[in-house]
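1. Okay, here's the prediction I keep looking at, along with the sequence it came from:
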Amino acid sequence: MPATIEKPRTTPRPGYRGLVAFCESIGEPLAPYQRSIARMFFGAEREMVAILPRGNAKTTTAALIALHHLLTVPGAAVTIGAASRD
């Protein structure tokens, strides 16, 4: 049976608090270290780097921030880069 996707009850709000609320509303609450990354994203820094070991939801965190950004910023664009160990 295919997964059921529910329409969000409210429009996501921009900013850090909006991201936290958005993640909770879709059943993906942020862990404390993910909240630290999100605070950096919404801070004054122009670029950021998050270095975490394998299996620590780097891709999930980036996807949640990217999706929230696309839903809350008119004309948004998202670029995510990754490198392999090689």
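-> Great, that's in hand. Numbers count the residues shown, from 1 in each chain.
2. Do you know the pLDDT at the most centrally placed residue in the chain?
-> For the chain, the residue sitting closest to the mean C-alpha position, by Cα atoms, centre = their mean, is residue 65 at 1.9 Å. Note for residue 65: predicted pLDDT of 92.
3. In three-state terms, label it for me.
-> helix (DSSP: H, G, I helix; E, B strand; the rest coil).
4. So it is in contact with residue 38, correct?
-> Yes - counting by Cβ atoms under 8 Å, residue 65 touches residue 38, with 6.3 Å between them. (Each C-beta comes from the backbone N, C-alpha and C, glycine too.)
5. any shared contact partners between these two?
-> Taking Cβ atoms under 8 Å, 6 or more residues apart in numbering as the criterion, residue 65 and residue 38 both touch residue 19.
6. ok so, going back, contact partners for the residue nearest to the centre of the chain?
-> 19, 37, 38, 41.
7. ok, now with 6 Å
-> Going by Cβ atoms under 6 Å, 6 or more residues apart in numbering, residue 65 touches residue 41.
8. Start the count at 10 instead of 1 going forward.
-> Will do, 10 is the new start, and the previous item becomes residue 74.
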